[in-house]
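*Asks:* Pasting the sequence and the predicted model now:
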Amino acid sequence: MMLFQSMFSSSSSPFRLSLHGCLGACLALCLSVCLALAATPSFAGSRIVGTGGVSAIEGAAGGGLSPWAVLTSTASEQEIGVTAATTRAWVDDYRLTVTSASVNIYDRVEVSVARQTLDLETLGGELGQDIYGAKMRLFGDVLYHPWGIWSAGVQHKRLVDGTVPIALGADETRGTDVYLSASKLLFSAVAGRNVLLNATLRNTDANQGGLLGFGGDQGNRSWMAEGSVGVFITPRWIVGAEYRQKPDNLSVATEDDWQSLYSAYFFNKHLSLTGAWLDLGDIAGLPSQHGGYLSLQAAF
């Protein structure tokens, strides 16, 4: 444990600050575009409220823990939508802060960027990661197509400082996830309520989503399953559960699957708030990490 504390309390380097500055500028640019598009009526989304999901912790449209096949915002074909979100998750020994932005181009392609900062409340220090994502809708529609909507995505992840993950046995400080997602809304499926189903198959070597590096002494790339279900209590309020299978590549830091119970409310097409209870299991040697999650999203 003393070794972990020593490693986690290392000071920030100029290189780390430089990466944060570059991503901060990118996020600021996305937010500026967001405001500019909001003032242009032709860019307003015309899809039904809630069909863009919320912003996952890696920046893509989906639930809180996992990307879904839907694309961000409510932009339809021939429209462009922009989304920005801020997220905070807190468990027993850690605090995660995420700032993200994404663009939906003609309801065909989604491009996203996110910055994650994990504060190590018990061990001291922090870990950071930048994530650049892209998702393409392959075919279908979440509402009306009999097979729902199917999308393929990629997420390139880079650690701000890889000292700790490398010391724990990670092979790399950057990596790329690829995934295939399917989403479908079932009308009047449970007690007259609509039910949203999502499934994602991810190929990854990321440890704790990438915050502890990529690969390790116990394994490398593997296919992981992720899934979620949600019930629309009203057309604007959905409650449900998510599950995300995780690899276990580091012998010194056992990794467990993630799961959550969530509730999301869409005030309108532009603003939503998501809350969740989290069960993240062991993280970096500290067991049974449970806690809460809040995410505020603005879409145009």
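*Replies:* Nice, thanks for sending it over. Numbers count the residues shown, from 1 in each chain.

*Asks:* Glu121 and Leu201: what is the separation?
*Replies:* Per CB to CB, to the nearest Å, Glu121 is found 33 Å from Leu201. No exception for glycine: its C-beta is placed from N, CA and C like everyone else's.

*Asks:* Same check on Trp223?
*Replies:* Going from Trp223 to Leu201 by CB to CB gives 6 Å.

*Asks:* which of these two has more neighbours?
*Replies:* Each of Trp223 and Leu201 has its neighbours counted (other CB atoms under 10 Å); Leu201 has more, 15 against 12.

*Asks:* list the buried ones in the strand ranked longest in the chain?
*Replies:* In the chain, assigned by DSSP state E, the strand with the most residues is strand 174-190. Across strand 174-190, burial judged by 16 or more other CB atoms under 10 Å covers 175-177, 179-185.

*Asks:* Quick check: of those, which lies closest to Leu168?
*Replies:* Gly175 (14.9 Å; CB to CB).

*Asks:* which non-adjacent residue is nearest the closest one?
*Replies:* Phe214 (3.4 Å; CB to CB, 6 or more residues apart in numbering).

*Asks:* Also Asp141?
*Replies:* Asp141 sits nearest to Ile149 (CB to CB, 6+ apart), 5.6 Å away.

*Asks:* do you know how far that neighbour is from Phe300?
*Replies:* Applying CB to CB to Ile149 and Phe300 gives a distance of 21 Å.

*Asks:* Kindly list the main-chain dihedrals of the spatially closest residue to His270 that is not a sequence neighbour?
*Replies:* Excluding its sequence neighbours, the residue lying closest to His270 (CB to CB, 6+ apart) is Ala299, at 5.6 Å. Backbone torsions of Ala299, given as degrees, to the nearest 10, read phi -130, psi 140.

*Asks:* hang on, isn't Ala299 packed against Ile80?
*Replies:* No - using CB atoms under 8 Å, Ala299 is not in contact with Ile80; the gap is 11.7 Å.

*Asks:* More neighbours: these two, which one.
*Replies:* Between Ala299 and Ile80, Ala299 has the larger neighbour count (other CB under 10 Å), namely 28 against 19.

*Asks:* partners of that one in the sheet?
*Replies:* For Ala299, the beta-bridge partners under DSSP bridges are Thr83.

*Asks:* got the contact list for it?
*Replies:* Ala299 makes contact with 45, 52, 72-74, 81-84, 269-272, according to CB atoms under 8 Å, 6 or more residues apart in numbering.

*Asks:* Kindly recompute the last result at 7 Å.
*Replies:* Going by CB atoms under 7 Å, 6 or more residues apart in numbering, Ala299 touches 52, 72-74, 81, 83, 269-270.

*Asks:* Just the buried ones from the residues you listed?
*Replies:* Buried, going by 16+ other CB under 10 Å: 52, 72-74, 81, 83, 269-270, out of those.

*Asks:* If anything else comes up later, I'll come back, but that's it for now.
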